[in-house]
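Student: Quick one: sequence plus predicted model below, questions after.
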Number of protein chains: 2
Amino acid sequence: MSTAHYTPGEIAERFGISLDTLRYYEKEGLLTQVERAPSGHRRYRASDVELLYLVRCLRDTDMPIARLRDFAELVRDGDHTIPRRVDILADHDARLTERIAKLQERQQAIRHKIDYYRGVLAAADDEEIAR
Amino acid sequence: MSTAHYTPGEIAERFGISLDTLRYYEKEGLLTQVERAPSGHRRYRASDVELLYLVRCLRDTDMPIARLRDFAELVRDGDHTIPRRVDILADHDARLTERIAKLQERQQAIRHKIDYYRGVLAAADDEEIAR
DNA sequence: GATTGACCTGGAGTGCAGTCCAGGTACAAG
DNA sequence: CTTGTACCTGGACTGCACTCCAGGTCAATC
């Protein structure tokens, strides 16, 4: 319940990821350097939460870890990298749009198959009734 | 150019997958038994193409191989398994709908971030002009 | 009859993204 | 002081879906 920081447990809970994954992200450079308590325990600040939120959005939409690392590096390098960050995000956004369109196409095909099968079943039922 | 069957190369080309992947699918039981020429070479028929098309739709929408195997087994078992096939497809369709919705949510968040960054850039430009 | 190209087999290897583990520290509660 | 819980580290392991490879066959072509 502290105001200034969050513990690893709180963060993991909040984002629905494991402590291992959280540490893995840090090790892979997806987060800017996380502060430590004198005990060595991680202390996550609001800025970490913010970046992690974006990281999760990008991972949930299947951006690979390597690209996320590049992005996080730009974040670490300061505000002058914002144009490049926008490029990465806009590119991802475009891919995502394509990807969603493709998924919807496939979904249509699957629904067609379901309808076809339902037609077969209905025909079989009719036969049953006619007997 | 024969009318009755397709070669592995033709199939791979048509579906944009590798020969290895094609053989892998067969080995994993995603296809019903594929015929062979006397030479031992595979000969794909229209029914194989049809099933493979569905398999690809389902894989493209991330159905795991294990579930596809279950589905293919039902296909092999005959028409009386159609109700169960419909269950599998309808379930997948529902998951897919959820999945697409989640992707779109994430996409909104990413677009928000892009807009935020563009706002920062615009503000910086204004400052530049004011100087 | 040598070469070429498409195909065959079984099995090993790859890349990605975590996930698990052993052995240890920090600290609050009983 | 012991117990419990949360956390630490480095490194090994896992699951999934391919992908690659060595060594071989077959049919047509030069």
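Tutor: Structure's in. What do you need?

Student: When you work out contacts or count neighbours from here on, use the C-alpha atoms and nothing else.
Tutor: OK.

Student: Alongside DNA strand C, which residues does chain A contribute?
Tutor: A:17-18, A:20-21, A:24, A:38-40, A:59, A:62-66 (CA under 7 Å from any atom of the strand).

Student: the longest helix in chain A is where?
Tutor: Scanning chain A for the helix with the most residues, using DSSP state H, yields helix A:82-130.

Student: same for it, what does it pack against?
Tutor: helix A:65-77, helix B:46-60, helix B:82-130 (3 or more CA pairs under 8 Å, 6 or more residues apart in numbering or on different chains; DSSP states H and E).

Student: rerun that using 6 Å as the cut-off
Tutor: Where contact means 3 or more CA pairs under 6 Å, 6 or more residues apart in numbering or on different chains; DSSP states H and E, helix A:82-130 is not packed against any helix or strand.

Student: Give me the mean pLDDT for that helix.
Tutor: Averaged across helix A:82-130, the pLDDT comes to 95.

Student: Would you show me how to pick out the buried ones of the residues of chain A next to DNA strand C in ChimeraX?
Tutor: Those of those that count as buried under 16 or more other CA atoms under 10 Å in any protein chain shown are selected in ChimeraX with:
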select /A:63,65
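
Student: Which member of the residues of chain A next to DNA strand C is positioned nearest residue A:100?
Tutor: Proximity of these to residue A:100 was ranked by CA to CA; the top entry is residue A:62 with 11.9 Å.

Student: need the contact list for that closest one.
Tutor: Contact analysis of residue A:62 by CA atoms under 6 Å, 6 or more residues apart in numbering or on different chains lists nothing.

Student: so it, which of the three states?
Tutor: coil (DSSP: H, G, I helix; E, B strand; the rest coil).

Student: What about it? Give its phi and psi, please.
Tutor: As for residue A:62, its main-chain torsions (degrees, to the nearest 10) stand at phi 70, psi 30.

Student: Then residue A:35?
Tutor: Torsion angles, degrees, to the nearest 10, at residue A:35: phi -70, psi 160.

Student: Among the residues of chain A next to DNA strand C, pick out the one closest to residue B:49, please.
Tutor: Of the residues of chain A next to DNA strand C, the one sitting nearest to residue B:49 (CA to CA) turns out to be residue A:62, at 29.5 Å.
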